[in-house]
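Asks: After the sequence you'll find the predicted model.
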Amino acid sequence: MRIWIDADGCPRPVKEVVFKASQRLQVPVTMVADRQVGRPTNSLVSLVVVPGDMDAADRYIAEHLQPGDLVITTDLPLAAQVVAKGAWGLNPRGELYTEENVRERLSMRDFMSDLRETGVITGGPAPYGPKDRRNFNDALDRLLTAQLNQD
């Protein structure tokens, strides 16, 4: 198993949790971004910088992930690809993507986009907070424990 982080918009607390889990469980992590982002001195953590448009990191992850890998992302189209390829997708708030909920979320995203295009103000997600970090930490721990115990 490899953990992939869609690092362009990933909150720092999420990366810190993943880095600690990587060190503790000896799981490699690859961060992918369209620019340089900070990374720890942990030899298990690598950074791939992809030039190009905003979706370049998403395309790189989708092309290189393997079934059973874990991808941390908020990008719903990437999450749909991750699930379709037999990998795990987890958002920074600790919600696991499944075939069912990723389709539902894509539909809702498209609906909200249509509303915004017509001038309706829809708002955005709540700020990332301590509860989100706890939820992510718990979900990551459950997922990694279950997957690594299968091997």
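Replies: Received the coordinates, thanks.
Asks: Which SSE is immediately downstream of the worst-scoring helix or strand of the chain on mean pLDDT?
Replies: When the helices and strands of the chain are scored by mean pLDDT, DSSP states H and E, helix 99-117 comes last with a mean of 70. Once helix 99-117 ends, the next helix or strand along the chain (criterion: DSSP states H and E) is helix 130-150.
Asks: Now that next one: buried residues?
Replies: For helix 130-150, burial by neighbour count (16 or more other Cβ atoms under 10 Å) applies to 132, 133, 135, 136, 137, 139, 140, 143, 144, 147. Just so you know, the C-beta spots here come from the backbone N, C-alpha and C atoms, and that holds for glycine as well.
Asks: With distance to residue 85 added, can I get these in CSV?
Replies: Shown next, in CSV, are these (distance: Cβ to Cβ, whole Å):
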residue, distance to residue 85
132, 26
133, 27
135, 25
136, 22
137, 25
139, 20
140, 20
143, 16
144, 19
147, 15
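Asks: Residue 86 and residue 142: what is the separation?
Replies: 19 Å (Cβ to Cβ, to the nearest Å).
Asks: hang on, residue 1 packs against residue 70?
Replies: Yes - between residue 1 and residue 70 there is a contact under Cβ atoms under 8 Å: 6.5 Å.
Asks: Between those two, which contacts overlap?
Replies: 144, 147 (Cβ atoms under 8 Å, 6 or more residues apart in numbering).
Asks: ok, those two, which is more surrounded?
Replies: More crowded of residue 1 and residue 70, by other Cβ atoms under 10 Å: residue 70, with 23 against 18.
Asks: Look up phi and psi at that one.
Replies: phi -120, psi 130 (degrees, to the nearest 10).
Asks: quick one: contacts for it?
Replies: Contacts of residue 70 (Cβ under 8 Å, 6+ apart): 1, 2, 3, 4, 87, 88, 89, 90, 143, 144, 147.
Asks: What separation do you get for the last one and residue 96?
Replies: Put plainly, it is residue 147. Taking Cβ to Cβ, one finds residue 147 at 12 Å from residue 96.
Asks: Also the first one?
Replies: In this structure, residue 1 and residue 96 are 15 Å apart, going by Cβ to Cβ.
Asks: ok, now the fifth one?
Replies: Here residue 87 is placed at a distance of 12 Å from residue 96 (Cβ to Cβ).
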